[in-house]
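Asker: Quick one, what's the 3D model for this:
(2 chains)
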Amino acid sequence: MSDALLEIRNLNVDYLLDDGAFRAVNDVSFEVRRGELFGLAGESGCGKSTIAYAITRLSKPPAWVAGGEILLDGQNLLKMPEASLQNVRWRRIGMVFQSAMNSLNPLMRVEAQFFDVLRKHTGATRPQARARAEEMFRLVGIPINRLDDYPHQFSGGMRQRIVIAICLALKPELIIMDEPTTALDVVVQREILEQLVDLQRNLGFSVLFITHDLHLMAQLCHRIGVMLKGQLVEVGDTQQISRAPEHDYTRKLWGAIPQLPSSVRSLGVVE
Amino acid sequence: MNVMPLTTTMADEDDAIVRLKDIRRSFGTVEALRGISLALKPGRALALVGESGCGKTTCARIVARLDAPTSGTMAFRGADVTQAGGRADEKTRRRAIQMVFQDPFASLNPVFSVYHHLARPLLLHGHAKNGGEAKAAVARLLADVGLDADVTARKFPHELSGGQRQRVNIARALAVGPDVLVADEPTSMLDVSIRLDILELLARIKRERNLAMLYITHDIATAAHIAEEVVVMFAGQMVEWGETSAVICNPRHPYTQLLLSAVPDPDRPFVPGQSARFLAHADDVRRKSRPASDNVEEVTVNHFVRALGQTPA
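Answerer: Predicted coordinates:
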C-alpha cells in the first residue's frame, strides 16, 4: 500500500451551461498522504472548492464530474454505490467549511448534536455519545459543562471548534477544510489552527486544507498545490513553494497579500 | 507614568472633520464602547483594529450616524451633532459621511442595475439635474473606481465579481461627494489577490479627494497598508493608538502584541505541541486587557498606550 490516502487522478469537473460546458477543474492530479496536511491554494473561482465537493460526491447540478478518478485507499469513490458512500462521508472523510459554524442546529443543545451524528454514523447510545462528546470538548479545549449550551451561546471561533470536534468524534482519516477560519479574526484563527496542528500530530489524520491565504497555509501545511483557472499549476513542499516558487502565478499570489513591513515581522513579536 | 485625560488623543488640532469625545454606547448591560475619543482628518485614514465584538463596528455606525451614543459627544466640523438635528442638517451630514460595508453581495440591490445605484444618489442630492448629467457623472464615477463605464453601468449586481461589486459600492459612496468615508471591513470578504487592489483604490481616492477615512478591520496588516493612524480596540476600550508605524513597530500593549503575533507569516510555521501554550497566552492577554483603566501613557509623540486595569480577583 502506498502512503497516499487520497489520490486524485486526471479529475475533470464541468459546470453545464446553456451554451455548453465550463470546465471548472481541468485534468487535476495530486495526492494527500497519510498524516499529511496538504494545502490547496488559489483565488475564488479557481476550482478548489469544486474539488472539495467532488471528493465527497456532493457536487450538485450543474456541476458534473466529467472524468478522472478519486481514490481513497485505492477505492474509487466516483464508482462507489451511493449506499457505501454513506460509510465514507463523515466516517472516513470529515468536512469543515467556512460557514460550518452556522451549520449547527440553533434549536439543539450541542450535546444533542453530538448524539445525532454519533447515533447516525456509529449507532452510539446517548451515554456513549455524551462520553465521546466530553472527550472531544477536552481535546479542543472547551469546558465540558458547556455541552449543555445552545450554539448561540458560543462565539464564532468556539462554534467552529465545536464543528471540528463533532467531525473528529467520528475518527475520520481525512478532513477536508475549506476556508475554515476565513470568517474569524486572526487571533482566533491562530488558536484554532495551532490546535489543528497538534490534533493532527496526535491523532494522525490527514487534512486537505483549502484557502486563498498562502501565508497562512505555509504556516501549517507540509505540501502545497496552487490552482489557477481550474488547473493545478504547481505542487511542492511548503519550503519550495514559499522559497523557490516555479510558476509565475505562485509568485504573483505571494506578492498579492497585504503584509506587515518586514521590520515588524523580524522583531519576532513577543509571545 | 504620564496620566492623560481620555479626551487627549491624536494631537488635538482643529483640522478634524469628525471628532469623537469619550463616546460610550451600552446595549442593555453590555458596554460596547467605553470612552472612545478620536479625530478624522482630511486626506488621512484612521484604522480601528480589533477582534469581533470589540466595538469597532458600533463605533463606525455612530460616526456614520446609523446609531447614537449613550454618552459622549460627536463634533462635525466643530459643531456638536451628537443629537440629531433637523432634516436638512441630517441630509447634509449623511451626504458628508458615507459608508462602504463589508459584504459586497448584500449591499447592492439585486433588482437594480449599477447605473440605478449610482444615478439615484446623484439625482437625490442634486449633483445631477437631469438624465444626461447623471449619465455623464455615472461614467466618471465608474472610471474613477477602475471599472469600464460602458459595460458596467448596464450590469446587475449578480453579473459582477466580489471585487467589482465592492468598486461599485465605493463609487456609490463617492457619488454624493462625501468628506468622510467609513469603510467597515471592505476587503475581508474578498480574495487576497483582490484585497490589495481595493486597498490601493481606497488609498488613491482618499488622496485625490482629500477624504477623511475611518477604516475598520480585524486585520492589522491591511491597516498598516492604508492608514496613517491606528487605534487598537479591545472590549470597547482603545488600548493602544497613534501613528501606525509607531504602534506596529513598537507595540506596547499585550493585546496589540498578540494581534501582531497572529498575523499569518509563512516564515514562522506553527510548531507542533505549542497550541496549549498559545491558547493559554491568548486567554491571559484577553483577561488582562478587559478591565477598565484611565491610565494612559504617552510612549512617544502621538503613540499612546493604556495601562492594564485592575483584574477582578
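Asker: quick one, strands of the stretch 151-300 of chain B?
Answerer: With DSSP state E, counting those that start in this stretch, the ranges of strands along the stretch 151-300 of chain B come out as B:180-184, B:212-217, B:229-234, B:237-243, B:296-300.
Asker: could I get those as TSV with mean pLDDT and mean neighbour count?
Answerer: To be clear about C-beta, it is placed using only N, CA and C from the backbone, and glycine gets the same treatment. Shown next, in TSV, are those (pLDDT from 0 to 100; neighbours: other CB atoms under 10 Å in any protein chain shown):
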stretch	mean pLDDT	mean neighbour count
strand B:180-184	95	25
strand B:212-217	96	26
strand B:229-234	97	26
strand B:237-243	97	25
strand B:296-300	95	16
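Asker: got the ones you listed as TSV, with distance to B:L142 columns?
Answerer: Shown next, in TSV, are these (distance: least, CB to CB, whole Å):
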stretch	distance to B:L142
strand B:180-184	17
strand B:212-217	21
strand B:229-234	31
strand B:237-243	35
strand B:296-300	43
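Asker: so which of these gets nearest chain A?
Answerer: Proximity to chain A (CB to the nearest CB) singles out strand B:212-217 among the strands of the stretch 151-300 of chain B, at 9.5 Å.
Asker: Quick check, central residue of chain A?
Answerer: The centroid of chain A falls nearest to A:M177 when counting by CA atoms, centre = their mean (1.3 Å).
Asker: Now do the contacts for the closest residue in space to A:L107 that isn't next to it in sequence.
Answerer: Once flanking residues are discounted, A:L107 sits nearest to A:Y150: 7.7 Å by CB to CB, 6 or more residues apart in numbering or on different chains. Residues in contact with A:Y150 (CB atoms under 8 Å, 6 or more residues apart in numbering or on different chains) are A:P106, A:L107, A:M108, A:R109, A:V110.
Asker: Just the pLDDT at A:Y150, thanks.
Answerer: For A:Y150, the model assigns a pLDDT of 95.
Asker: Check the gap between it and chain B for me.
Answerer: 18 Å (CB to the nearest CB, to the nearest Å).
Asker: Next, give phi and psi for B:N250.
Answerer: Phi and psi for B:N250, reported as degrees, to the nearest 10, are phi -140, psi 60.
Asker: likewise A:I210?
Answerer: Torsion angles, degrees, to the nearest 10, at A:I210: phi -110, psi 130.
Asker: Can you work out which other helices and strands pack against the longest helix belonging to chain A?
Answerer: Of all segments of type helix in chain A, defined using DSSP state H, the longest is helix A:186-203. Here helix A:186-203 touches helix A:126-140, helix A:156-169, strand A:206-211, helix A:214-220, helix B:254-261, helix B:275-289, going by 3 or more CB pairs under 8 Å, 6 or more residues apart in numbering or on different chains; DSSP states H and E.
Asker: returning to what we had before: what about the residue nearest to the centre of chain A, which helix or strand?
Answerer: Taking DSSP states H and E as the definition, one finds A:M177 inside strand A:174-178.
Asker: State the mean pLDDT of that strand.
Answerer: 94.
Asker: how far off strand A:206-211 does that strand point, in degrees?
Answerer: Angle, strand A:174-178 to strand A:206-211, by axes from the mean of the first three to the mean of the last three CA atoms, to 10 degrees: 10 degrees.
Asker: Quick check on the contacts of A:Y150: which are buried?
Answerer: Among these, those classed as buried by neighbour count (16 or more other CB atoms under 10 Å in any protein chain shown) are A:R109, A:V110.
Asker: closest to B:V145 among the contacts of A:Y150?
Answerer: For the contacts of A:Y150, the closest approach to B:V145 (CB to CB) belongs to A:P106, at 38.6 Å.
Asker: The closest residue to B:E185 other than its chain neighbours: which element?
Answerer: Leaving out its chain neighbours, the residue that sits closest to B:E185 by CB to CB, 6+ apart is B:Q102, at 4.0 Å. For B:Q102, there is no host helix or strand (DSSP H and E).
Asker: for A:L184, same thing?
Answerer: Going by DSSP H and E, A:L184 is not part of any helix or strand.
Asker: which non-adjacent residue is nearest residue 39?
Answerer: This is for chain A. Once flanking residues are discounted, A:G39 sits nearest to A:C221: 3.5 Å by CB to CB, 6+ apart.
Asker: my bad, the chain I had in mind was chain B
Answerer: Of all residues not flanking B:A39 in the chain, B:A16 sits nearest, at 3.8 Å (CB to CB, 6+ apart).
Asker: pretty sure the one you found is touching B:K41, no?
Answerer: Yes: counting by CB atoms under 8 Å, B:A16 does reach B:K41; the two are 5.4 Å apart.
Asker: what ranges of chain B fall below the confidence cut-off?
Answerer: Chain B contains residues with pLDDT under 70 at B:1-14, B:84-86, B:313.
Asker: which residue is nearest the middle of it?
Answerer: In chain B, the centroid-proximal residue (CA atoms, centre = their mean) is B:Y215; its distance is 2.5 Å.
Asker: For it, give me its contacts.
Answerer: Applying CB under 8 Å, 6+ apart to B:Y215 gives the contacts B:A45, B:L46, B:A47, B:L48, B:A183, B:P186, B:L202, B:A223, B:I226, B:A227.
Asker: tell me the contacts of the last one?
Answerer: I take that to be B:A227. B:A45, B:L46, B:A47, B:M213, B:Y215, B:T244.
Asker: What residues are bridge-paired with the third one?
Answerer: Beta-bridge partners of B:A47, counted by DSSP bridges, are B:Y215, B:V230.
Asker: That one reaches B:H218, doesn't it?
Answerer: No: contact criterion CB under 8 Å: B:A47 and B:H218 do not qualify, at 10.6 Å.
Asker: I am finished for the moment; much appreciated.
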